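# Fold the stuff below for me.
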Amino acid sequence: MPQYNDMFELSVSDLELIETSLRTRFEALSREEPGSGAGLAEDQEKLLRQIHDLLGRLHNQKVFYRPRDETYVGG
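Residues are numbered from 1 along each chain as shown. You can find the predicted model right below:
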């Protein structure tokens, strides 16, 4: 059985592209009418939740910087 590679070499631009693609897919799925039948609607809802959770995990891994030598003004 093959092993998963747990060492990734992605640049910031790679992650930005992935995040943008996920947001675009999420918006497209959100605008779609639920499919005919309960099974398709549940699958669509499950996929929306998975994308939302993944976007949340990506956001939580970001490091936000504050200037050390200046007064920080949030906004």
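# For the protein, which residue occupies the most central location?
The centroid of the chain falls nearest to residue 55 when counting by C-alpha atoms, centre = their mean (2.2 Å).
# What count of nearby residues applies to residue 29?
By the criterion of other C-beta atoms under 10 Å, residue 29 has 13 neighbours. (Glycine included, C-beta is placed from N, CA and C.)
# repeat for the one 5 residues further on
Using other C-beta under 10 Å, the number of residues around residue 34 comes to 12.
# Pull out the buried residues from the helix or strand that residue 39 is a member of.
Assigned by DSSP states H and E, residue 39 belongs to helix 38-60. Residues of helix 38-60 classed as buried by neighbour count (16 or more other C-beta atoms under 10 Å): 44, 51.
# next one: it to chain centre, how far?
Distance of helix 38-60 from its chain centroid, counting by C-alpha atoms, centre = their mean, to the nearest Å, is 9 Å.
# Show me what it is packed against.
With contacts taken as 3 or more C-beta pairs under 8 Å, 6 or more residues apart in numbering; DSSP states H and E, helix 38-60 sits against helix 12-31.
# Give me the mean pLDDT for the helix it packs on.
Averaging pLDDT along helix 12-31 gives 94.
# what are the phi and psi angles of residue 71?
Main-chain dihedrals, residue 71, degrees, to the nearest 10: phi -70, psi 130.
# how far away is it from residue 7?
Distance, residue 71 to residue 7, using C-beta to C-beta, to the nearest Å: 39 Å.
# sorry, back to before: now do the helix holding residue 39 and helix 12-31, the angle between them.
150 degrees (axes from the mean of the first three to the mean of the last three C-alpha atoms, to 10 degrees).
# Run through who's touching helix 38-60.
15, 18-19, 22-23, 25-26, 29-30, 32, 34-35 (C-beta atoms under 8 Å, 6 or more residues apart in numbering).
# So what's the residue count around residue 28?
9.
# Please report how far residue 55 lies from residue 40.
Residue 55 is 23 Å from residue 40, by C-beta to C-beta.
# Kindly report the same for residue 67.
Taken as C-beta to C-beta, the span from residue 67 to residue 40 is 50 Å.
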